[in-house]
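**Q** this one's structure only:
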């Protein structure tokens with residue numbers, strides 16, 4: 001598993017899919033609030049003036065020299081839930097990310113957020 005402190009060092013490095021197709025640049029990491037382990041990353045995509053941040057799970061991610069390889073195809077990631085480059089992920093949209101990737105979403109026992117940006 002990639003540790004949170006390690007993945008932050010890879011900010012602005014390429015994010016690639018299993019076939020080494022470039023998806024975009026790593027912008028940020030969200031950890032699972034119950035484990036404090038990296039859960040999803042935001043990837044900066046688009047052209048200047050039309051950039052956005054798409055979310056991709058970090059399950060089975062591999063860090064290499066200058067890149068982070070995720071286990072999801074570029075086409076799937078580019079269609080994933082996104083936010084603007086200056087936006088913050090609203091709590092009510094967390095579940096949408098998990099559903100898009102077929103992952104189980106469980107908020108905290110008291111309804112706490114599942115994801116926290118590091």
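**A** Noted; the coordinates are in hand. Keep in mind the model is a prediction, meaning the values are calculated, not measured. Numbers count the residues shown, from 1 in each chain.
**Q** run the chain-centre distance for stretch 45-63.
**A** From the chain centre to the centre of stretch 45-63 is a distance of 6 Å (C-alpha atoms, centre = their mean, to the nearest Å).
**Q** show me where pLDDT drops low in the chain?
**A** 1-8 (pLDDT under 70).
**Q** longest helix in it, by residue count?
**A** When the chain is parsed with DSSP state H, its longest helix is helix 94-100.
**Q** any buried residues in that helix, and which?
**A** For helix 94-100, burial by neighbour count (16 or more other C-beta atoms under 10 Å) applies to 94, 97-98, 100. Using the backbone N, CA and C atoms, a C-beta is placed for each residue, glycine as well.
**Q** and for stretch 39-58?
**A** Buried residues in stretch 39-58, defined by neighbour count with 16+ other C-beta under 10 Å: 39-45, 51-58.
**Q** tell me which of those is nearest to residue 23?
**A** Set against residue 23, the nearest of those by C-beta to C-beta is residue 43 (5.5 Å).
**Q** most centrally placed residue in this protein?
**A** Closest to where the C-alpha atoms of the chain average out (C-alpha atoms, centre = their mean) is residue 41, at 1.9 Å.
**Q** contacts only, for it.
**A** With contact taken as C-beta atoms under 8 Å, 6 or more residues apart in numbering, residue 41 is in contact with 7, 15, 26-30, 55-56, 58, 61, 68, 70.
**Q** all the strands of the protein, residue numbers only.
**A** 14-16, 22-32, 38-45, 52-57, 62-64, 67-69, 82-83, 115-117 (DSSP state E).
**Q** could these go into TSV alongside distance to residue 106?
**A** As requested, the strands of the chain are exported to TSV (distance: least, C-beta to C-beta, whole Å):
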stretch	distance to residue 106
strand 14-16	26
strand 22-32	10
strand 38-45	12
strand 52-57	15
strand 62-64	26
strand 67-69	25
strand 82-83	22
strand 115-117	12
